[in-house]
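Engineer: Need a 3D model of the sequence below.
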Amino acid sequence: MLRTLMTCIALALCPVAAGADSFPVEIQHKYGTTRIDSAPKKIVSLSFIGHDFLLALGVKPYALRKWYGTDPYGVWPWGHAALGNAQPVVMQGEINIEQIATMQPDLIMGQWSGITARDYALLSQIAPTVPPKAEYGDFGTPWQEMQRTAGIATGKSAEAEQWIKRIEDRFATIRETHPDWQGASSAMVWAGQTGAYTSRDIRGRFLEDLGFKVPDAINARGTLDNFYVLIPAEDLSPIDVDALVWIDAGTSVSALHRKPLRPTMRAYKEGREVYADPLLSAALSHSSPLSLDYALDRIVPLLEAAMDGDSATVVRSSRDAGILSEGF
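Structural biologist: Residues are numbered from 1 along each chain as shown. Predicted coordinates for the structure are as follows:
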């Protein structure tokens, strides 16, 4: 599967016929407009997932902000081929203005970073800085918008559009071949704390790109910057959907067995649960051009098994995780 992924990455990273964009360029965002006068050569990526979008364009960031995981450079397997031998500076935790200043970057990308107005005011004195657009909130920018903005900022718009078209076409093909998914209810839920992701989040948007619908009972509890809503243990009905995807960051399987009302759910009784192991969960949580191929390769057959309407069909991921209902 990873071999298929790396092949896709290699093909997508091939140069296109169009030349590099001309500079200067201007990018509008929640704090105003950023002007980039020339193609950047030393980029700091403050976004927890933004390095993937740069790597997809063949751009290796000088420094990146690690989210989680064991990779020393914060890059998951789907990004290893694109990273190559590069060894970016790794930042962790809160944004450190002083540390970034010493790097002397010529571009700072922060679309999925939680950058504040104060951060922006200080960082933009160091280098052109790109926060998210206001309409998406701090962590709600669609992957297409993140890729397109990265393309504009680095002078690689043609490559960015190539990625967007190929992956959107893949989603479209999956929708066409799975008519039973269209309009069916689905949710991605963190297994540990039982929190569901709204359709403003990249995980909820992933499901809707496949044709599913995140229930209104979940979306109504969210806001622009509250894309993750807790589901009370005494009422799991908002997540009792046609296809329930449990997200696991690595410590959540045992938590599923401790949810007393889970066995009462239709999703449980009818075998409609999909368990996303830590690697698949990370791919879904990054939802970058580099991770989406891997996520689709793995989750589509799992969703097919969960959606076949036959409770006797074993969803392999759930079997392997040991979370199937009794009798399997």
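Engineer: In this model residue 21 seems to touch residue 38, though I could be wrong.
Structural biologist: No: using C-beta atoms under 8 Å, residue 38 is not in contact with residue 21, being 10.9 Å away. Yep, even glycine has a C-beta here, placed from its N, CA and C like the rest.
Engineer: more neighbours, the two?
Structural biologist: Using other C-beta atoms under 10 Å, the more surrounded residue of residue 38 and residue 21 is residue 21, with 17 against 11.
Engineer: Now do the same contact list for the more buried one.
Structural biologist: 151, 152, 155, 156, 157, 158 (C-beta atoms under 8 Å, 6 or more residues apart in numbering).
Engineer: Just flag the most distant two among these.
Structural biologist: 152 and 158 (10.9 Å; C-beta to C-beta).
Engineer: For whichever helix in the chain runs longest, buried residues please.
Structural biologist: Counting by DSSP state H, the longest helix found in the chain is helix 157-177. For helix 157-177, the buried set under the neighbour-count rule, 16 or more other C-beta atoms under 10 Å, comprises 157, 158, 159, 160, 161, 162, 163, 164, 167, 170, 171, 174.
Engineer: Over to stretch 233-242?
Structural biologist: Those would be 236, 238, 239, 240, 241, 242, for stretch 233-242 by 16+ other C-beta under 10 Å.
Engineer: What's the end-to-end length of that stretch?
Structural biologist: 19 Å (C-alpha to C-alpha, to the nearest Å).
Engineer: now what about that stretch, what contacts it?
Structural biologist: 184-187, 189, 194, 196, 212, 215, 217-218, 221, 231, 259-262, 264-267, 272, 307.
Engineer: Buried only: go through the residues you listed for me.
Structural biologist: 184-187, 189, 194, 196, 212, 215, 217-218, 231, 259, 262, 265, 267, 272, 307.
Engineer: Which members of the residues you listed occur in helices, if any?
Structural biologist: 217, 218, 267.
Engineer: Between those, which sits nearest residue 88?
Structural biologist: Of those, the one sitting nearest to residue 88 (C-beta to C-beta) turns out to be residue 218, at 36.0 Å.
Engineer: my guess is that closest one contacts residue 187, does it?
Structural biologist: Yes: using C-beta under 8 Å, residue 218 is in contact with residue 187, at 6.0 Å.
Engineer: Between those two, which contacts overlap?
Structural biologist: Shared contacts of residue 218 and residue 187, counting by C-beta under 8 Å, 6+ apart, come down to 196, 197, 204, 238, 239.
Engineer: Can you add distance to residue 286 and pLDDT and give these back as a markdown table?
Structural biologist: Listed next are the shared contacts of residue 218 and residue 187 as a markdown table, based on distance: C-beta to C-beta, whole Å; pLDDT from 0 to 100:
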| residue | distance to residue 286 | pLDDT |
| --- | --- | --- |
| 196 | 19 | 96 |
| 197 | 13 | 96 |
| 204 | 14 | 96 |
| 238 | 25 | 95 |
| 239 | 22 | 96 |
